[in-house]
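Q: need coordinates for the following:
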Amino acid sequence: MSALPNPERLDLTVLTSFPKRTSALFPYAAHPPKTFEKEYLITIASEIQYTAPQTVSTSHSEPGPAAEGEAAVASNSAGMNGVSTSASTSAPAATPTPALRRVMVVALHAYLYTIPSSYTSILYISKVDTSGYSPSPLPLTRQLMVAFLGYHLDPSTRPSRNVQISLFARSQSQYLFPNSAQAKGKRVSGGLRLCGWWKGVYEEVAASLHGQTTVPSGEGKPSGTSVWSRTSAGNGSMSLSSMY
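A: Take a look at the predicted model:
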C-alpha cells in the first residue's frame with residue numbers, strides 16, 4: 001500500500017487463525033489426507049470527513065413553593081410601581097466542526113489449506129468486499145489482492161512447494177459489509193467484468209513474480225494465454241485450466 005499515492009492514512013489489519021486439522025476438502029473420502037486449515041480476515045481502514053448532526057437539548061424545572069412566593073412578591077411590587085420587566089436568554093447555535101472518522105473500506109476473507117503429504121497448499125479466496133466509503137479513487141482492493149496473492153506465491157514466503165489459488169467469482173451487491181449496497185460510493189461490477197478484473201489481478205501477480213510480458217488475447221496467441229513468462233529455462237506460458 002505504501003507504493004500508492006494515497007493522501008489519507010491507511011490502516012491495515014490482518015487477523016489469522018491457528019492452523020487446525022480439517023476434512024472440508026475431502027468430505028466424501030474414506031481416508032482423506034491430513035489437511036490443515038488457516039483462516040484470514042484482512043481489512044483496510046481510511047479516514048473520512050465526518051460532520052456530526054446538530055442536537056438541541058432543553059431543560060424544564062417546576063418552581064417550588066418558596067420560589068412561587070418570591071415570584072408573587074416580585075410581581076406585586078412591580079405592579080405597585082407601575083413597572084413591568086421581561087428577560088429572555090438564548091445560547092448561540094454551535095457550528096458543527098468536521099472531524100476525521102476512521103472507517104473500513106476494503107475487506108478480504110480467505111482460507112489456506114495445506115496438505116503436508118503432497119507438499120501442496122490451496123489458497124481459497126472466500127469473499128472480497130468494499131464498503132463504498134473510500135475517500136480515494138485509488139485501486140486499494142486490487143493492490144491488496146496483488147500483495148496477498150504474491151505473498152503466497154513468492155518462493156521466499158510461500159507456505160508449500162506447490163501453491164494453488166482458487167476462487168469462485170460471483171457478482172453480489174454486498175458480502176462482508178452489511179447494508180453497504182446502499183452506500184452511494186459503491187460500484188458493483190457485473191459477472192463478466194468481475195471475471196476480467198480477477199484475470200487482470202492474476203496477470204499482475206504473475207508479472208511481478210516472473211517478469212512476464214503481457215500479450216493481449218487475439219494477437220496470434222490462443223485465448224486465455226495472455227501472460228507469457230520469461231525464465232532462464234526459456235519462454236513459458238500461463239494457461240487457464242481446471243484446478244482438478
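Q: for Arg187, what are its contacts?
A: Gly132 (Cβ atoms under 8 Å, 6 or more residues apart in numbering). (C-beta placed from N, C-alpha, C; glycine too.)
Q: got phi/psi on it?
A: Torsion angles at Arg187 (phi, psi; degrees, to the nearest 10) stand at phi -120, psi 120.
Q: just Gly200 next, same as before
A: Dihedral angles of Gly200 (phi, psi; degrees, to the nearest 10) stand at phi -70, psi -40.
Q: how close does it sit to Leu167?
A: From Gly200 across to Leu167, the span is 14 Å (Cβ to Cβ, to the nearest Å).
Q: so those two - more neighbours on which side?
A: Leu167 (17 against 14; other Cβ atoms under 10 Å).
Q: and the closest residue to Ser131 other than its chain neighbours, how close does it get to Thr157?
A: Counting by Cβ to Cβ, 6 or more residues apart in numbering, Phe177 is the residue found nearest to Ser131 once chain neighbours are left out, at 4.5 Å. Phe177 sits 29 Å away from Thr157, going by Cβ to Cβ.
Q: of those two, which one has the most company?
A: Neighbour totals were compared for Phe177 and Thr157, and Phe177 leads with 20 against 9 (other Cβ under 10 Å).
Q: settle this for me: the more buried one is touching Tyr133, isn't it.
A: No - here Phe177 does not reach Tyr133: they are 9.0 Å apart, not a contact under Cβ atoms under 8 Å.
Q: what do these two both touch?
A: Met104.
Q: for this structure, give me the ranges with low pLDDT.
A: Flagging of the chain using pLDDT under 70 yields the residue ranges 1-3, 5-6, 49-98, 211-244.
Q: what's the burial count for the nearest residue to Arg170 once chain neighbours are set aside?
A: Once flanking residues are discounted, Arg170 sits nearest to Gly191: 7.2 Å by Cβ to Cβ, 6+ apart. When counting by other Cβ under 10 Å, one arrives at 10 neighbours for Gly191.
Q: now do the contacts for Gly191.
A: Each residue near Gly191 by Cβ under 8 Å, 6+ apart is listed here: Ala169, Arg170, Ser171.
Q: could those residues go into CSV alongside distance to Val105, neighbour count and secondary structure?
A: CSV is the format used below for the contacts of Gly191 (distance: Cβ to Cβ, whole Å; neighbours: other Cβ atoms under 10 Å; DSSP: H, G, I helix; E, B strand; the rest coil):
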residue, distance to Val105, neighbour count, secondary structure
Ala169, 20, 14, coil
Arg170, 21, 10, coil
Ser171, 19, 12, coil
